[in-house]
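**Q** need coordinates for the below:
(one chain, ligands or ions: 3)
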Amino acid sequence: MVRVIGHIDLDYFFAQVEEVENPSIKGRPVAVCVFSGRTKDSGVVSTANYKAREFGVKSGMPIVLAKRRLEGRDPIMIRMEITKYEAVSERIMELARSHVDILEEAGIDEAFFDLTIGSRGDFNSAASVARKIKETILEGERLTCSVGLGRSKAVAKLASDSAKPGGLMVVSPDSTMAFMGSLNVGNLYGVGPKTVKTLEGLGIGTIAELARADVSLLQDYFGRKLALYLHAAANGEDDDPVEERQEPTQFSRIITLKSDTTDAEEAMNQLTEAADDLRSRLISRKTSFRTLSAIAILTNLSTKTRSKTFETPIWDLSIVKNALADLFSQLSDSADREFRRVGIRLSDLSANSDQKSLAEYVGEP
Ligand code: DCP
Ligand code: CA
Ligand code: CA
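**A** Ligands and ions are numbered 1, 2, ... in the order given. Take a look at the predicted model:
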């Protein structure tokens, strides 16, 4: 099956977090700065919002130069606070993870994910998941991001770049070369300036040219492993897997209700699809859980949770449907406001030892 890979990247991340925290600065040029402390303005710009970028301010630029470019433009220079962005990043990764099978964090504000199983190889259905991820992050954290879908990590990454800011770019397998063929090889994931230079020396400037290049020629210059990667990546066929950096400690799915409610039964109804997703995730990852949680985010955005821990590991979510309904009615009884979003979390995970009989039992292929 053709893989369906996604890449998500937050827009002007640190600066956007600052804008969310202090909306009154929106519309003005904002630069987040790393002050080195030597003199008042020594240090570099960490990132800038798009307004500041219009005046040529960018990551890595000396603060002094950025200030000069923004003179008379009513700029805001903010001290970088990495722990703040890390906390936001962690919450965003969790939100994104709740929609996909596997999520690989690739930096503080970006991640790859694999939707091959969830979408059954269908890019349209993957696109609707991608839109949901974007909505969830916008709703939950007020942040915009860009998402790309493609048949490999390299394609997905290029797609999210081209969707910036705030967009979604879907590159179906058929349109891969039309999408990226004319781009410079330096845009390919994992291709640095040194590789670009060597390729240029060989008369290879664009991705299409690299895709057509003779692999044995590439091997002479880059060695077998890199040569094969370059050639495959340029053809959109690199098979670098999306891998969770750490074993997940929980699986969760959270949805936004069609309208706010305190009705536990209604919440359960709207969670049917999410529950099915979690069920197939348990199966595909050969995992059991012992703790089941019902989550409700109320209209004032506070989060309430009710959990139940079972004596033995559970490998089929549908077995504990009644327990889940119970947890939601407890939530509903205790909530002083309506539910806005609801979710299911499975934790205390463990590996299934006998996957085969499990698959047979639940009748999955
Ligand atoms: N960053 C940094 N110094 C750099 C590059 C980045 O401190 N030289 C930090 C600040 C960025 C964050 O990492 O907000 C993410 O980097 P990105 O390259 O994804 O850039 P942005 O998110 O800022 O902007 P874009 O909208 O182009 O993704
Ligand atoms: Ca970014
Ligand atoms: Ca990034």
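**Q** what does stretch 182-193 contact?
**A** The set of residues external to stretch 182-193 that reach it, using CB atoms under 8 Å, 6 or more residues apart in numbering, is 153-154, 157-158, 161, 180, 195-196, 199, 204-210, 229-230, 233-234. The way it works is simple: take the backbone N, C-alpha and C, and place the C-beta from them, glycine included.
**Q** which ones among those are found in helices?
**A** Cross-referencing the contacts of stretch 182-193 against helices under DSSP state H gives 153-154, 157-158, 161, 180, 195-196, 199, 207-210, 229-230, 233-234.
**Q** which among those end up buried?
**A** 153-154, 157-158, 161, 180, 195-196, 199, 207-210, 229-230, 233-234 (16 or more other CB atoms under 10 Å).
**Q** burial count for whichever residue of the stretch 151-300 of the chain sits closest to ligand 2?
**A** Using CB to the ion, the single residue of the stretch 151-300 of the chain nearest to ligand 2 is residue 164, 7.9 Å away. Residues lying near residue 164 (other CB atoms under 10 Å) number 16.
**Q** change the start of the numbering to 742 and stick with it
**A** Done: numbering now begins at 742, and the last item shifts to residue 905.
**Q** please name the residues that touch it.
**A** So residue 905 contacts 750, 752, 887 (CB under 8 Å, 6+ apart).
**Q** list the contacts for the residue lying closest to residue 776 once chain neighbours are set aside?
**A** Excluding the flanking residues, the one nearest residue 776 by CB to CB, 6 or more residues apart in numbering is residue 784, at 4.3 Å. By CB under 8 Å, 6+ apart, the contact list for residue 784 reads 774-778, 803-804.
**Q** among these, which lie within helices?
**A** Under the assignment DSSP H, those contribute residue 804 to helices.
**Q** buried ones in stretch 765-784?
**A** 766, 770-774, 784.
**Q** sorry, that was for stretch 930-938
**A** In stretch 930-938, counting by 16+ other CB under 10 Å, buried: 930, 932, 936-937.
**Q** relative to residue 1034, which of the residues you listed is nearest.
**A** For those, the minimum distance to residue 1034 (CB to CB) is 36.2 Å, reached by residue 930.
**Q** the closest one sits in which helix or strand?
**A** In the assignment (DSSP states H and E), residue 930 maps to no helix and no strand.
**Q** relative to residue 1091, how far out is it?
**A** Taking CB to CB, to the nearest Å as the measure, residue 930 falls 34 Å from residue 1091.
**Q** now do the contacts for the residue in the chain that ligand 3 sits nearest to.
**A** Per CB to the ion, residue 851 is where the chain lies closest to ligand 3, at 4.1 Å. Each residue near residue 851 by CB under 8 Å, 6+ apart is listed here: 748-751, 901.
**Q** if we can go back for a sec, and which of the buried residues of stretch 930-938 is nearest to residue 965?
**A** residue 936 (14.9 Å).
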